[in-house]
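Colleague: quick one, fold the following:
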Amino acid sequence: MLPAAARLTRSQEFRLVVRRGRRAGRARLVVHALRPDQERDSGSQRTVLLDAEADTAPTRTESIRVGFVVSKSVGTAVVRHRVTRRLRHLMRDRLPALTAGTLVVVRALPQAADASSRELGADLDAALRKLRVVDPGGPATGSR
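Modeller: Next up, the predicted model:
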């Protein structure tokens, strides 16, 4: 389970990451990431989000936060929840390796329904490396 401080919850945050961040697609998922240096360039929209979060702890803006999008095209509710749980578990293991302050949205594609956790993890690792959000000095990523 991801800690509450590591979750994207507002639709404005999802929209910001998807529109302003970089994207890397793989066979089973698409990863959108917005690094802290990109946030400064994104201008007023991020400022509005920061103003809305002014009552939260100051370290919140430096934390890594992740959100998931698993649409009905992936499958029934049971299948979608299973995919979400797998992705959540895989991202929890990878949080320490990501650059501080990064916002990530993981969007599952229909092929994710039949994929194993190992396959999802490989796609996730490849996408995160392509987006260059993995901290080179951080711990190694991968499932246990």
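
Colleague: residue 25 contacts residue 127, correct?
Modeller: Yes. Counting by CB atoms under 8 Å, residue 127 is a contact partner of residue 25 at 7.4 Å. Just so you know, the C-beta spots here come from the backbone N, C-alpha and C atoms, and that holds for glycine as well.

Colleague: comparing these two, which residue is more hemmed in?
Modeller: Taking other CB atoms under 10 Å, residue 25 and residue 127 do not tie; residue 127 has more neighbours (22 against 14).

Colleague: if I look at that one, how far off is residue 10?
Modeller: Note on residue 127: its distance to residue 10, by CB to CB, to the nearest Å, is 23 Å.

Colleague: same question for residue 30.
Modeller: The separation that residue 30 has from residue 10, given CB to CB, amounts to 20 Å.

Colleague: which one of those two has more residues nearby?
Modeller: Under the neighbour definition other CB under 10 Å, residue 30 and residue 10 were set side by side, and residue 30 has more, 17 against 12.

Colleague: could you look up the SS state of the more buried one?
Modeller: For residue 30, the reduced secondary structure class is strand; criterion used: DSSP: H, G, I helix; E, B strand; the rest coil.

Colleague: contact partners for residue 63?
Modeller: Contact partners of residue 63, counting by CB atoms under 8 Å, 6 or more residues apart in numbering, are 5, 6, 100, 101.

Colleague: now, of those residues, which are buried?
Modeller: By neighbour count, with 16 or more other CB atoms under 10 Å, the contacts of residue 63 hold 6, 101 as buried.

Colleague: let me know the closest of the contacts of residue 63 to residue 135.
Modeller: residue 100 (7.8 Å; CB to CB).
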